[in-house]
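Q: whatever this is, show me its structure:
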Amino acid sequence: MNNIETLIKAAMDAREQAHAPYSQFLVGCAVENADGALARGANMENACYRLGVCAEQSALAAAQIAFGLGNVARLAIVGGPLQAAEGTRGEPVMPCGGCRQAIMEAATLSGRDITIVCCDHTGQERVTTTIKALLPSSFTLPPA
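A: As a prediction, the model looks like this:
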């Protein structure tokens with residue numbers, strides 16, 4: 001796997017591609033497999049709010065195409081306001097409930113407790129956790 005700085009940088013780069021004209025809150029996500037391959041995604045807002053897509057969902061969809069959800073090992077999320085004051089740190093962005101469930105689906109398929117690094121817009125303020133810590137009781141796939 002890549003070092004954590006590479007993963008966070010990929011999420012920061014993805015954040016630059018976010019489409020958030022309504023909230024002005026940009027989020028990027030990078031998903032990594034055990035071999036170091038990366039998939040990226042960003043939040044995409046829509047005037048019909050419920051049609052928007054979270055960065056985590058966007059990145060997981062890209063990961064499914066690139067290497068399959070069953071190969072997801074960890075992910076990084078970077079987010080914050082578009083107009084954040086220069087040099088000012090913020091709060092780490094955590095995945096919403098729906099994204100937690102989607103990450104848990106990947107964890108169930110991969111058989112691993114996926115590591116999640118949540119960062120502010122600078123990538124400096126961080127919380128490292130796992131999906132099982134964030135979603136201890138979840139819907140899971142039925143046994144095969």
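Q: does the longest helix anywhere in the chain pack against any helices or strands, and if so which?
A: Secondary structure assigned by DSSP state H gives helix 97-110 as the longest helix of the chain. Packing partners of helix 97-110 (3 or more CB pairs under 8 Å, 6 or more residues apart in numbering; DSSP states H and E): helix 55-66, strand 72-81, helix 131-134. Every C-beta, even on glycine, is put in place using the N, C-alpha and C of the backbone.
Q: now, of the ones you listed, which is deepest in the fold?
A: strand 72-81 (a mean of 25; mean count of other CB atoms under 10 Å).
Q: what are the pairing partners of that one, and which direction each?
A: Strand 72-81 pairs in its sheet with strand 25-33 (antiparallel), strand 115-119 (parallel), by DSSP bridges.
Q: need the CA coordinates for it. PDB is fine.
A: Written as PDB, here are the backbone C-alpha positions of strand 72-81 (Å, rounded to 0.1, in the frame of the first residue of the first chain):
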ATOM      1  CA  VAL A  72     -10.800  -2.100  -0.800                       C
ATOM      2  CA  ALA A  73      -8.300  -1.800   2.000                       C
ATOM      3  CA  ARG A  74      -8.600   1.800   3.200                       C
ATOM      4  CA  LEU A  75      -9.800   5.300   2.300                       C
ATOM      5  CA  ALA A  76      -9.200   8.900   3.000                       C
ATOM      6  CA  ILE A  77     -11.700  11.700   3.100                       C
ATOM      7  CA  VAL A  78     -10.700  15.400   2.800                       C
ATOM      8  CA  GLY A  79     -13.300  18.100   3.100                       C
ATOM      9  CA  GLY A  80     -14.200  21.600   4.100                       C
ATOM     10  CA  PRO A  81     -15.600  24.900   3.000                       C
END
